[in-house]
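# The following comprises the amino acid sequence and a computationally predicted model.
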Amino acid sequence: MQIQLFSLQQGNPLSFNVSDVSGLAGEEVTVTISMENNPGIIAACMNLSYDSDKLELLSVTDSGLLNDGTFSETIV
């Protein structure tokens with residue numbers, strides 16, 4: 001996972017957490033990315049890498065990761 005961040009201030013150490021999931025062939029799973037100690041990040045660009053022979057990305061949902069930030073779903 002590659003993340004570019006832009007912050008207004010420095011402070012507490014920022015951490016990202018990616019949920020640990022598993023499933024059987026044909027099942028849908030949800031992977032959650034959360035952030036702790038946001039020091040004032042106002043924008044982020046995330047590029048997630050995965051084996052497309054084994055997984056298919058179905059959707060991306062805004063869970064409020066950047067609070068009042070703008071969410072844009074781009075699936076390539």
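Happy to help now that I have it.
# CA only for contacts and neighbour counts going forward, please
Fine.
# quick one, strands of the protein?
For the chain, applying DSSP state E gives strands covering 2-7, 15-18, 33-36, 41-47.
# Least confident of the ones you listed, on average?
Ranked by mean pLDDT, the strands of the chain bottom out at strand 2-7, which scores a mean of 53.
# how about low-confidence regions in this protein?
For the chain, the stretches flagged by pLDDT under 70 are 1-12, 42, 64-76.
# and the gap between Ala44 and Ser63?
The gap separating Ala44 from Ser63 is 14 Å, by Cα to Cα, to the nearest Å.
# Ala44 - how many residues pack around it?
15 (other Cα atoms under 10 Å).
# Identify the residues contacting Gly23.
Residues in contact with Gly23 (Cα atoms under 8 Å, 6 or more residues apart in numbering) are Val29.
# Ramachandran coordinates for Leu48?
Per-residue torsions, Leu48: phi -100, psi 130 (degrees, to the nearest 10).
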